[in-house]
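**Q** With the sequence up front, the predicted model follows.
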Amino acid sequence: MTAVSLPPLDRSEVKATLGERLINGLAVLALHLLLLYAVLYVSVKNELVELPTSISVRLLPMLEERKPDLPARPLPPPPKAVPQVHKPVQAAPVLAVETPMAAPATFVVAPQPPAPPAPPVIAPPAPVAVIAARFDADYLHNPKPAYPAISRRNGEEGKVLLKVRVSPQGAALDVAVSRSSGFSRLDTAALDAVTRWRFVPARRGDEAVESSVIVPVTFALE
């Protein structure tokens, strides 16, 4: 193999090469910085653009659509008048009716007999008052009820009301206690006595009738 020998490098040339490279690097760096500054400046300036404070909008009136003028329609001709023919009115025939003359009356109304007299109005008889039956007439001689001895000793007193049904002959048909004296012995003694009594019967006018009467019997110690 053959060896190639290189010429020796000059130091001044080496220093010049390094200086050029350094200058070129600085120039490139400065150029990049300038471009970056320009880009930033343009973007910031666009953001700082003032917007308008208000926007006015005005609406323009719409133009009305004009319809084309249509030709007027011709009016129909008026109807023709029909002449009226007046027919003569015929009068209705009048029938002549002959009224026959009234024939003279040939009958005579016979005289009516007089109306019979109205029957007399008979008033109903007035009701006859009823005279009630009596038990206190002197001539009857009705005995007084016997006072029970036991009631005397016990001091029993009271008043008994007896309802008596009297026959037309004056006999006692039925005797019942209407109000008790409060003691059964006194009530029984009054019933026994009055059952045998005689009465003046009730009368309706001149007729003796059956009726009822209340007989009071009092038991009192003297």
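**A** Yep, it's here.
**Q** As a check, name the ranges of all strands in the protein.
**A** 130-131, 158-166, 172-179, 202-204, 207-209, 211-219 (DSSP state E).
**Q** Below-threshold pLDDT in the protein: ranges please.
**A** 1-16, 44-110, 112 (pLDDT under 70).
**Q** Domain map for it?
**A** 15-44, 130-219 (automatic domain parsing).
**Q** Mind putting those domains into JSON lines with distance to P114 and mean neighbour count?
**A** (Glycine included, C-beta is placed from N, CA and C.) Formatted as JSON lines, the domains of the chain follow (distance: least, CB to CB, whole Å; neighbours: other CB atoms under 10 Å):
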{"stretch": "domain 15-44", "distance to P114": "153", "mean neighbour count": "10"}
{"stretch": "domain 130-219", "distance to P114": "42", "mean neighbour count": "15"}
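**Q** Format these as TSV; extra columns: distance to I122.
**A** Formatted as TSV, the domains of the chain follow (distance: least, CB to CB, whole Å):
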stretch	distance to I122
domain 15-44	149
domain 130-219	19
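**Q** who's in contact with the residue nearest to A132 when sequence neighbours are not counted?
**A** The shortest distance from A132 to any non-neighbouring residue, by CB to CB, 6 or more residues apart in numbering, is to A202 (5.5 Å). A202 makes contacts with 130-133, 166, 208-211, 213, as judged by CB atoms under 8 Å, 6 or more residues apart in numbering.
**Q** Save the residues you listed as TSV, and put in distance to P143 too.
**A** What follows is the contacts of A202, written out as TSV (distance: CB to CB, whole Å):
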residue	distance to P143
V130	28
I131	25
A132	22
A133	18
V166	18
A208	24
V209	26
E210	24
S211	23
V213	18
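**Q** Relative to A172, which of those residues is nearest.
**A** V166 (6.5 Å; CB to CB).
**Q** do you know how far the residue nearest to A132 is from V217?
**A** 21 Å (CB to CB, to the nearest Å).
**Q** quick one: the helices in the protein?
**A** 11-47, 149-153, 184-195 (DSSP state H).
**Q** if we compare those helices, which one ends up closest to A123?
**A** That would be helix 184-195 among the helices of the chain, by CB to CB, at 42.8 Å.
**Q** so what does the closest one touch, helix or strand wise?
**A** helix 149-153, strand 158-166, strand 172-179, strand 211-219 (3 or more CB pairs under 8 Å, 6 or more residues apart in numbering; DSSP states H and E).
**Q** Compute the inter-axis angle for the last one and helix 184-195.
**A** Which is strand 211-219. Orientation check (axes from the mean of the first three to the mean of the last three CA atoms, to 10 degrees): strand 211-219 against helix 184-195 gives 130 degrees.
**Q** quick one on the thing from earlier: which one, of the strands of the chain, ends up nearest to R152?
**A** Using CB to CB, the strands of the chain put strand 211-219 closest to R152, at 9.3 Å.
**Q** List of residues touching the closest one?
**A** By CB under 8 Å, 6+ apart, strand 211-219 touches 130, 132-135, 145, 147, 151, 156-166, 178, 181, 186, 189-190, 193-194, 197, 199, 201-202.
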